[in-house]
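Undergrad: A predicted structure for the sequence below; I have some questions about it.
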Amino acid sequence: MSETHALSADDCEILITRELRRAGIEPAALRRTMSRFTQPADGWYFERAGTFEVYDRRFSALVACRNVPTPLSARDVDGVRARGRSAHAQRAPVRNG
């Protein structure tokens with residue numbers, strides 16, 4: 001079993017892009033909207049907002065990734081959804097590493 005924080009934030013960004021492309025979704029113009037990189041024991045958190053293209057359709061999305069020792073709460077999810085609405089994102093997927 002791997003260590004909780006073995007996946008770095010950079011690794012996660014690469015993984016997100018690769019997996020989206022494998023699913024036929026092309027990320028375009030992703031920008032960092034929020035990030036928190038703390039001590040290794042505390043983990044990390046970041047968000048990317050941008051445009052995605054799939055089947056010749058474009059839509060906006062907010063992707064939130066976190067790798068912290070605490071469980072994801074409803075308040076965390078509500079916060080991402082609120083930031084997604086303020087960024088005019090049509091989707092706001094959340095991934096808890």
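TA: Alright, I've got the coordinates.
Undergrad: going forward, measure contacts and count neighbours with C-alpha atoms only.
TA: Fine.
Undergrad: Contacts for stretch 20-38 next, please.
TA: Contacts to stretch 20-38, defined as Cα atoms under 8 Å, 6 or more residues apart in numbering, come from residues 17, 43-55.
Undergrad: how about low-confidence regions in this protein?
TA: Residue ranges of the chain with pLDDT under 70: 1-6, 34, 37-41, 89-97.
Undergrad: all helices of it, in order?
TA: Assigned by DSSP state H, the helices in the chain fall at 9-22, 74-86.
Undergrad: These: which one's closest to residue 62?
TA: helix 74-86 (5.6 Å; Cα to Cα).
Undergrad: Quick check: chain neighbours aside, which residue is closest to residue 52?
TA: Closest residue to residue 52 apart from its sequence neighbours, by Cα to Cα, 6 or more residues apart in numbering: residue 27 at 4.5 Å.
Undergrad: I'd like to know how far the one you found sits from residue 60.
TA: Residue 27 sits at a distance of 10 Å from residue 60 (criterion: Cα to Cα, to the nearest Å).
Undergrad: Mutual contacts of these two, please.
TA: Common contacts of residue 27 and residue 60 (Cα under 8 Å, 6+ apart): 50, 51, 52.
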